[in-house]
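could you work out the structure for the sequence below:
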Amino acid sequence: VLSKTTKLILLDSLLQEIMVSSPEETGLLPAGFLTERDVEPVGRWFLTQWDRLNSNRTISTGILSDSSDDEDDGDDDQLFEDDLEYLRSLDPKEVKDQDHYRVLGLTTIRISATDDQIKRAHRQKVLKHHPDKRKAAGEEIKEDDDYFTCITKAFETLGNPVKRRAFDSVDPLFDDDVPEVMKKDCKDDFYSVFEPVFHRNERWSNKSPIPKLGDDSSSREDVENFYSFWYDFDSWREYSYLDEEDKEKGSSKWERKEMEKINRAQRAEKKKDEGKRIRKLVDNAYNSDPRIARFRKAEIDEKAAKKKAKADAIKARKDEEERMRKEAEEKARKEKEEADKAEKIKLEAEKKEREAVKKLLKNERKKLRGVAKDHDMFAENEDEKVVHLAEVEKMCELYTVDQLKDLNERLSVNDTARAVFLQEVNKMNQKLAQERKQVAEQSRGGGGAEKSSSTSKEWSHDELQLLIKAVNLFPAGTAQRWEVVAEFINQHTKTQEVKRNAKETLAKAKDMQSGNFAMSSLKDEVNKMAYQNLQKGQKREVVVESEASQRTETPAEALGFNPAPWTAEEQKLLEQALKTFPSSTPERWERISESIPGRGKKDCMKRYKELAELIRAKKAAQAAAKKS
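As a prediction, this is how the structure comes out:
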C-alpha cells in the first residue's frame, strides 16, 4: 500500500512527462494541428508561476503542504487540550468572563502562544465542535445558546493583537500577590521567594533587556541597576478589557463620549493601583534584600571612619563658628528690638497726635455748630438762616483747629457774636473769592472742553438732584457710565429743552466732588435740603393745648404710613422677606410687614413700588445710552 505522499510524488512525475512531451509527438493529435502562441500568465497566476520558477517547486507543492498540515494537526491534538466539560459550562451571553486561552486549549502556554498556534488551535476547535458536525453526530444544538459562540469570541480576542494585549493584562490565572517584608531570621529564603515574583512580572515591561535579581555574590552596581530598573518600571499593562461601559452600545455620540470618559477614569485608577503594587513589590524586596543591608552597613562603617578622623578639627571649627554666629545674632536682635521699639513709640505718638487733633477738631466743630444753633444761626429771618447754615458748614470744613478755637472764643461773647460771625463770613468769602480768581486765571486759555463747560447753561436745582441720584444709581464700573447718567437726567428733567451730554455731566460731577468747598454746589444743595427737612419736622411737631383735641400724628401716619426714611437694616429685611414670601403666598404683604418692625403693609408696598420704578428708570437709561 502506497502512502499518500508517495502517490502525490508519482502523480507529479507523470504530469511533468505529459507537459514536456507534445501531444503531436505522442500521437494524440495529427501533425500541424496545433499552433504555437506565446502566452503569459497574469494576476494571481503570474505570481504563482513566478514563485514556482524561483523556488524550484513542482505543481504538487501545495498538495504536499496540505498533507504536511494534516500531519501537524495530528501533533496539535497533543499540544492543545480539549476541555469539553468547561466548554459546555460557558454562557455565550457572558463571553467577557471566560478564559479565552482555556477555550482554545492553550491553558499551559497562554501568553507565550504564537499567532500560528492560536490559529491552529482555533481550527482544531472548529473541526471538532462546529454545530454542523455535532448535529450530524446526533447532538442537540441550541440556536442562540451554543458554546461554539464562545470559541469564535475567543479567537476574535486572541487573534487581534490589541484585544489580546487587553486580555493578557487581566489574565485570570496571573498571580498579582506581592510577598511581605521578610524578617531578619528568614532572609535566607529571599532569592527563592522574590525571584519567581519578579520573573512573573517581567512580562509587563516595555523595556528590555530586563536585569535579573542575581544572587548573594552580585556586585553593588548590579544590585543598584536592578532596583533602579524596577523603581522606574515602565509597564504596558492596561485595563480596557474590564471596562464596565461598552461605548458601542451608546445610542448617541454624546452618550458614547460619556461612556468613554467613565472608562478612561476607571482605567487610570486601575493603572494607578498597578503602579502601587509594583512599587510595593520593589519596596518589600529592597527592605528584605540581605545585600542592601550589607551595603548599608559597609557604607555606615566607612562614613564613621571618615568622621572619626576629622572629628576634632570639625568640632573646633564648628564651635568657633557657632560662637561668632550667636554673637552676631544677639547683636542683630538687640539692634532690631531697639529699632522696633523706637518705631513703635514714634507710630504711637503720631497716632495719639492725630487722634488728639481729630478729637479737638471734632469738638471745635461741634462747639461752633452749637453756638450757631444757640444764636439761631446769627440770622434775622429764614432766608438768612439758610445762608448762615451753609456758611457754618463751610467754616467747619475749611478751618483748622486753631482757627475754629479762636472763632469760638470770639463768638462766646453774646453781645458781639453776630458781628463777629458776619465779619468772619466776609473774611472767609473774600479769601475764597481770591482763590477762585487765581484758579480762573490759571485755567484761562485751557482746553475746549473747559470752555464749553463754562459757557454751557447753568444747572438747575432739579438737574442737580437728578445728577446726585444718577451717580448713586449707576456706580463706578457701569458700562458707559456717564452716557447713561446723562441720558437719565435728560429723561427725567423738567426742562426738556436743555440736553446734557456725557462730557458736561462728568465735568459737573467733578466740580461737585472737588475738595474746594466753595466750588461745591452739591454740599450747598444737601445743606439746604437738610435744613428744609428740619423745618418740616419742626412744623409737624405742633402741640395743641386743648387736651380733648390733642393729636400729634401726621397725615401720613394717619393713613398708615411711617414717614421715617428706610434704614439699611430695614431694606435688608424687606429684600429677605420678598424672597421668603413669593407672590403666590396668601396675605403676602401682611406677612412681609410682620417681618419688618415699625413698618406696616402700606409702607412695604410703597417702598416696593419705589424700588421697581427706580430699576425701570435705570434700565431705560442704559438702553437709551446703548442706542445712542
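
C-alpha from now on. contacts and neighbour counts both.
Fine.

now residue 582: closest residue in space that isn't a chain neighbour?
residue 588 (7.4 Å; C-alpha to C-alpha, 6 or more residues apart in numbering).

so, low pLDDT: which residues of the stretch 451-600 of the chain?
451-456, 514-561 (pLDDT under 70).

same thing with the chain?
Looking at the chain by pLDDT under 70, you get 1-29, 31-33, 44, 51-52, 54-78, 144-145, 187, 443-456, 514-561, 628.

hang on, the earlier thing: can you get me a residue count around the residue nearest to residue 582?
Per other C-alpha atoms under 10 Å, the neighbour tally for residue 588 reads 16.

cool, and the one 4 residues further on?
Using other C-alpha under 10 Å, the number of residues around residue 592 comes to 24.

list the residues that contact it.
By C-alpha atoms under 8 Å, 6 or more residues apart in numbering, the contact list for residue 592 reads 574, 577, 578, 581, 601, 604.

now swap in residue 347 and tell me
No contacts exist for residue 347 under C-alpha under 8 Å, 6+ apart.

what strand or helix carries it?
helix 290-374 (DSSP states H and E).

how far out from the middle of the chain is that helix?
Relative to its chain's centre, helix 290-374 lies at 39 Å (C-alpha atoms, centre = their mean, to the nearest Å).

again with stretch 592-612
Put simply, stretch 592-612 sits 43 Å off its chain's centre (C-alpha atoms, centre = their mean).

now do stretch 92-108
Going by C-alpha atoms, centre = their mean, where stretch 92-108 is centred and where its chain is centred differ by 44 Å.

what is the burial count for residue 100?
As a burial measure, residue 100 scores 26 neighbours (other C-alpha under 10 Å).

again with residue 97
Neighbours of residue 97 under the rule other C-alpha under 10 Å: 12.

could you check how far it is from residue 482?
Noted for residue 97: a distance of 73 Å to residue 482, by C-alpha to C-alpha, to the nearest Å.

and if you look at residue 236?
65 Å.

more neighbours, the two?
Legend: neighbour count by other C-alpha under 10 Å for residue 236 and residue 482, higher for residue 482 (22 against 14).

any idea how far that one is from residue 126?
87 Å.

mind listing what's buried in stretch 472-479?
Applying a neighbour-count criterion of 16 or more other C-alpha atoms under 10 Å, the buried positions in stretch 472-479 are 473, 474.

who are the contact partners of residue 344?
Applying C-alpha under 8 Å, 6+ apart, no residues contact residue 344.

distance of it relative to residue 303?
52 Å.

run through the helices of the stretch 351-500 of the chain in chain order.
382-398, 401-411, 417-443, 448-455, 461-473, 481-492 (DSSP state H, counting those that start in this stretch).

elements contacting the third one?
Put plainly, it is helix 417-443. Here helix 417-443 touches helix 401-411, going by 3 or more C-alpha pairs under 8 Å, 6 or more residues apart in numbering; DSSP states H and E.

mind listing what's buried in the helix it packs on?
401, 404, 405, 407, 408, 411.

I'd like the residues you listed written out as CSV, with distance to residue 493 added.
Converted to CSV, the buried residues of helix 401-411 look like this (distance: C-alpha to C-alpha, whole Å):
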residue, distance to residue 493
401, 42
404, 40
405, 44
407, 42
408, 43
411, 43
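
next, count neighbours for residue 256.
Neighbour count of residue 256, defined by other C-alpha under 10 Å: 17.

wait, it sits on residue 248?
Yes: with contact defined as C-alpha atoms under 8 Å, residue 256 counts as touching residue 248 (7.0 Å).

next, the buried residues of stretch 204-220.
With burial defined by 16+ other C-alpha under 10 Å, the residues of stretch 204-220 counted as buried are residue 213.

give me the contact list for it.
191, 195, 198, 202, 223, 225-226, 229, 233-237, 291, 295.

same thing but at 6 Å, please
With C-alpha atoms under 6 Å, 6 or more residues apart in numbering as the test, stretch 204-220 has contacts from 226, 234, 235, 236, 237.

OK, contacts around the second one?
Under the criterion of C-alpha under 6 Å, 6+ apart, the contact list for residue 234 reads 205, 206.

relative to residue 271, how far out is it?
In terms of C-alpha to C-alpha, residue 234 sits 11 Å off from residue 271.

quick one on the thing from earlier: most packed of the helices of the stretch 351-500 of the chain?
Highest mean neighbour count of the helices of the stretch 351-500 of the chain: helix 481-492, a mean of 22 (counted as mean count of other C-alpha atoms under 10 Å).

mind saving the C-alpha coords of it as CSV?
Written as CSV, here are the backbone C-alpha positions of helix 481-492 (Å, rounded to 0.1, in the frame of the first residue of the first chain):
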residue,chain,number,x,y,z
ARG,A,481,-21.4,105.3,32.9
TRP,A,482,-21.5,109.0,32.1
GLU,A,483,-23.5,108.5,28.9
VAL,A,484,-26.1,106.5,31.0
VAL,A,485,-26.1,109.3,33.7
ALA,A,486,-26.6,112.0,31.1
GLU,A,487,-29.4,110.0,29.4
PHE,A,488,-31.1,109.5,32.9
ILE,A,489,-31.0,113.3,33.5
ASN,A,490,-32.4,114.1,30.1
GLN,A,491,-35.3,111.6,30.5
HIS,A,492,-36.4,112.9,34.0
